[in-house]
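K.L.:
coordinates only, no sequence provided:
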C-alpha cells in the first residue's frame with residue numbers, strides 16, 4: 001500500500017503467514033489500512049461496501065497504489081491453486097487509487113475472471129439483522145446455491161423458483177386478488193376505452209434472486225426450542241447474531257471438498273406427460289425457451305466461480321462477543337481453514353483472548369515506528385523451535401497483552417506488578433501526562449523468570465514489536481543470565497533488564513524504613529523481619545520473606561500499594577524501579593495539550 005490511510009507517506013507492506021491470519025496490535029498500527037486495501041483492490045466483495053471518503057488518500061503521494069500478490073503453496077494445495085499451477089501463475093496486480101466526487105475511485109487489472117477471488121467482508125459495523133432479515137439478497141441466495149452444489153452437484157434453483165411461482169400463481173384467481181383486479185379494470189376501461197382499451201391483470205412477480213431473498217428470513221432460538229418459538233434477529237443478543245451471520249457466510253461458500261456429482265436437474269412440469277414437445281405451438285415453444293434461458297441466466301448469477309479462493313475478512317469479531325465464545329471462534333475457524341482449502345480467513349483484533357487462541361505463527365503484529373506503520377509477521381522471525389514452543393504455550397490471555405502496545409514491562413510475579421505500578425504512580429506525582437502513562441502502561445506477569453524467547457518475540461532488532469521492553473526480575477544474589485548482556489547490546493536501546501536485589505521486598509527498604517515499620521511494626525516479633533529495638537535491614541527482610549513470611553508476600557504487596565497511595569510524599573521510589581520507569585518513559589510522544597474553552 002502507498003498513499004492510503006496509514007501508508008500516507010511511505011509504502012506499507014504486509015505479508016500474511018498463510019490461510020489463517022490474525023492481525024493484532026495497538027490502535028493506529030495500520031490494521032484498518034490493510035483491510036481497506038484488500039477491499040478496494042478486489043473486484044468481488046460481498047456484502048457491498050460503499051467506497052470510502054477521498055480523505056483516505058494521501059495528498060503527498062502522486063500515484064497511490066495497492067499491489068496484491070498471491071502465492072501457490074506446494075504444501076497447502078487448493079482448487080484454484082491447482083488450476084493456476086497447471087495453466088498459469090499465481091495472480092498479482094496493481095490497483096490505482098484516485099479521488100472522484102469526494103470518494104475513492106479504483107482502477108485495476110485483476111487478472112482472474114469474476115468469482116475466482118471473492119472477498120467476504122464482515123466489517124466492524126456489520127448489521128446481522130439487516131443482512132439476514134430478507135433484505136440482502138445475495139447472502140441467502142448464495143447459501144441456497146451452495147446447498148444445491150453440495151447435495152446435487154449444481155447450483156440451479158429453478159426447481160425452487162418454479163415451486164414458488166406455482167404457489168404465487170395459484171392465488172391470482174382467489175379473493176381478494178381477483179376482485180381487486182376487476183375494480184382496477186373498471187377504472188382503466190373508463191380511462192382508455194375512448195382511444196384503445198386496455199385490460200389489467202394482477203400477475204405474480206419475477207421469481208429472481210431478490211425475490212427469493214425476500215421470501216426467506218433467518219430467525220434464531222435457543223437450542224431445544226421449537227421452530228415456532230424462534231425470534232427475529234432484532235431481539236437477539238448481538239454476539240449470537242454476529243456468529244449467525246458468520247455461520248451463514250461459511251455455509252454460503254460452496255464446499256468444493258464436499259460437492260456432489262452433478263445430476264440431471266429436474267424438468268419443470270410445463271406440459272402434461274402425454275404431450276410431446278412436437279405438439280407444442282410455436283408460441284408455447286418460444287415461451288418454454290424463454291423460461292429456460294431466464295432460469296439459466298439467474299443460475300449463472302453466482303458470487304463464486306467453479307474454482308475459487310474465498311477470503312473471509314473478519315474485523316474485530318470480539319465486538320459484542322463474550323470472552324468464552326472468542327476462544328472457540330478462533331478454534332473453529334482454524335478447523336474450517338484446515339478442512340476447506342478454498343477458504344482463507346483474516347481476522348483483525350484487539351482481543352487478548354483471540355490472540356491467546358491463535359498460534360504465534362498465525363500472528364501479524366501491526367506497529368507504529370518512526371518511519372510509519374510496519375507489520376511484523378511472527379512466522380518470519382525465524383524463532384528457534386524451543387522459543388516457538390514457549391511462545392505457543394506461554395502466550396495466554398494475560399501475557400498476550402504485551403503485543404498490543406509499544407512499551408512493555410515484563411515482571412516475574414503478580415506482587416511485582418502491584419508494587420511496581422504503585423511506585424510508578426509515586427514517580428509520576430502530580431504530572432498529568434506521566435500519571436496517564438503509568439495507568440496505561442502494559443505490565444505483563446510472566447509467572448517465572450523471564451527468558452530470552454520473549455525478547456526475541458517483542459524486541460528483536462530486525463523486526464521489533466516494542467520500542468521499549470523493560471524486564472523486572474529478582475537477582476537472587478546471582479549474576480544475570482548469559483543471554484541478558486548479549487540481548488541488551490544487540491537491542492539498539494530497546495531492551496533493559498532491572499533487578500530487585502536480592503528479591504522484591506528487601507529491594508524496597510532503602511529510603512522506606514518508616515513504611516516497613518508502619519506495615520509490619522505492629523506485628524509480634526516472630527511475625528516481622530526484625531527484633532524489638534532494632535531497625536529493619538535488607539538481610540532480615542530477605543530472610544523473613546524467604547521463609548516464614550513467604551505466605552505474606554501478596555498481602556504485603558497490597559499494603560505497600562495502599563501506603564504509596566496515601567503517603568506518596570514520604571515514599572522513596574527504589575532506584576532500580578525509578579531507572580526502569582524512566583527507561584520506558586523516555587521518548588514517549590506526548591499528545592498536544594487539549595483545547596480548553598474560554
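P.N.:
Perfect, I can see it now. As the structure is a prediction and not an experimental result, all values here were calculated from the model. Residues are numbered from 1 along each chain as shown.
K.L.:
could you point out which element follows the lowest-mean-pLDDT helix or strand in the chain?
P.N.:
Using mean pLDDT, DSSP states H and E, the weakest-scoring helix or strand in the chain turns out to be helix 282-300, at a mean of 57. Using DSSP states H and E, the helix or strand that follows helix 282-300 in sequence is strand 310-315.
K.L.:
low-confidence ranges, the stretch 51-200 of the chain, go.
P.N.:
129, 133-137 (pLDDT under 70).
K.L.:
let me fix that: the stretch 251-400 of the chain
P.N.:
259-301, 397-398.
K.L.:
would you map the strands across it?
P.N.:
310-315, 343-348, 363-369, 372-377 (DSSP state E, counting those that start in this stretch).
K.L.:
could I get the ones you listed as JSON lines with distance to residue 535 and mean neighbour count?
P.N.:
Placement of C-beta: from N, CA and C, glycine included. Shown next, in JSON lines, are these (distance: least, CB to CB, whole Å; neighbours: other CB atoms under 10 Å):
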{"stretch": "strand 310-315", "distance to residue 535": "60", "mean neighbour count": "22"}
{"stretch": "strand 343-348", "distance to residue 535": "56", "mean neighbour count": "23"}
{"stretch": "strand 363-369", "distance to residue 535": "48", "mean neighbour count": "22"}
{"stretch": "strand 372-377", "distance to residue 535": "50", "mean neighbour count": "20"}
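K.L.:
which of the ones you listed sits closest to residue 453?
P.N.:
strand 363-369 (14.4 Å; CB to CB).
K.L.:
quick check: residue 209 vs residue 113, distance?
P.N.:
Residue 209 is 20 Å from residue 113, where distance means CB to CB, to the nearest Å.
K.L.:
just to revisit the earlier point, could I get the strands of the stretch 251-400 of the chain as a markdown table with distance to residue 6?
P.N.:
Listed next are the strands of the stretch 251-400 of the chain as a markdown table, based on distance: least, CB to CB, whole Å:
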| stretch | distance to residue 6 |
| --- | --- |
| strand 310-315 | 15 |
| strand 343-348 | 13 |
| strand 363-369 | 8 |
| strand 372-377 | 4 |
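K.L.:
residue 123 is nearest to which of those?
P.N.:
Evaluated over the strands of the stretch 251-400 of the chain, closeness to residue 123 peaks at strand 310-315, with 5.6 Å, by CB to CB.
K.L.:
strand partners (parallel or antiparallel) of the closest one?
P.N.:
Strand 310-315 has the following strand partners under DSSP bridges: strand 119-122 (parallel), strand 343-348 (parallel).
K.L.:
could I get those in a markdown table, plus columns for distance to residue 54?
P.N.:
Listed next are those as a markdown table, based on distance: least, CB to CB, whole Å:
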| stretch | distance to residue 54 |
| --- | --- |
| strand 119-122 | 20 |
| strand 343-348 | 23 |
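K.L.:
spit out the contact partners of the most centrally placed residue in the chain.
P.N.:
Nearest to the mean C-alpha position of the chain, by CA atoms, centre = their mean, lies residue 348 at 2.7 Å. Going by CB atoms under 8 Å, 6 or more residues apart in numbering, residue 348 touches 22, 23, 24, 31, 32, 34, 35, 314, 315, 316.
K.L.:
and the second one, what pLDDT?
P.N.:
What the model reports as pLDDT for residue 23 is 96.
K.L.:
picking that back up, could you check how far the residue nearest to the centre of the chain is from residue 158?
P.N.:
Taking CB to CB, one finds residue 348 at 40 Å from residue 158.
K.L.:
now residue 449
P.N.:
From residue 449 over to residue 158 (counting by CB to CB), the distance is 68 Å.
K.L.:
neighbour count for the two, which is higher?
P.N.:
residue 158 (20 against 11; other CB atoms under 10 Å).
K.L.:
quick one: the strands in the stretch 1-150 of the chain?
P.N.:
20-24, 45-46, 64-69, 92-100, 103-108, 119-122.
K.L.:
give me the contact list for the shortest one.
P.N.:
Put plainly, it is strand 45-46. Contacts for strand 45-46 (CB under 8 Å, 6+ apart): 39, 118, 119, 120, 121, 138, 139, 142, 303.
K.L.:
any idea which element residue 160 lies in?
P.N.:
For residue 160, the host element (DSSP H and E) is helix 158-169.
K.L.:
for that helix, packing partners?
P.N.:
helix 209-215, helix 282-300 (3 or more CB pairs under 8 Å, 6 or more residues apart in numbering; DSSP states H and E).
K.L.:
got the contact list for the nearest residue to residue 520 once chain neighbours are set aside?
P.N.:
Distances taken as CB to CB, 6 or more residues apart in numbering put residue 528 closest to residue 520, at 4.3 Å, once the chain neighbours are dropped. Contacts for residue 528 (CB under 8 Å, 6+ apart) come out as 520, 521, 536, 544.
K.L.:
for the first one, give me its contacts.
P.N.:
So that's residue 520. Residue 520 touches 527, 528, 529, 536, 556, counting by CB under 8 Å, 6+ apart.
K.L.:
from those residues, which land in helices?
P.N.:
residue 556 (DSSP state H).
K.L.:
residue 222: which of the contacts of residue 520 is nearest?
P.N.:
residue 556 (48.3 Å).
K.L.:
and the closest one, how far is that from residue 562?
P.N.:
11 Å.
K.L.:
check residue 442 too.
P.N.:
From residue 442 across to residue 562, the span is 23 Å (CB to CB).
K.L.:
which one's more surrounded, those two?
P.N.:
Taking other CB under 10 Å, residue 442 and residue 562 do not tie; residue 442 has more neighbours (17 against 12).
K.L.:
most packed of the strands of the stretch 1-150 of the chain?
P.N.:
strand 20-24 (a mean of 24; mean count of other CB atoms under 10 Å).
K.L.:
closest one to residue 154 among the strands of the stretch 251-400 of the chain?
P.N.:
strand 310-315 (19.0 Å).
K.L.:
who touches residue 7 in this structure?
P.N.:
1, 30, 33, 58, 372, 373.
K.L.:
can you pull the phi/psi pair for the fourth one?
P.N.:
Looking back up the chat, that one is residue 58. phi -80, psi 140 (degrees, to the nearest 10).
K.L.:
follow-up on the earlier one: the residue nearest to the centre of the chain bridge partners, please.
P.N.:
residue 23, residue 315.
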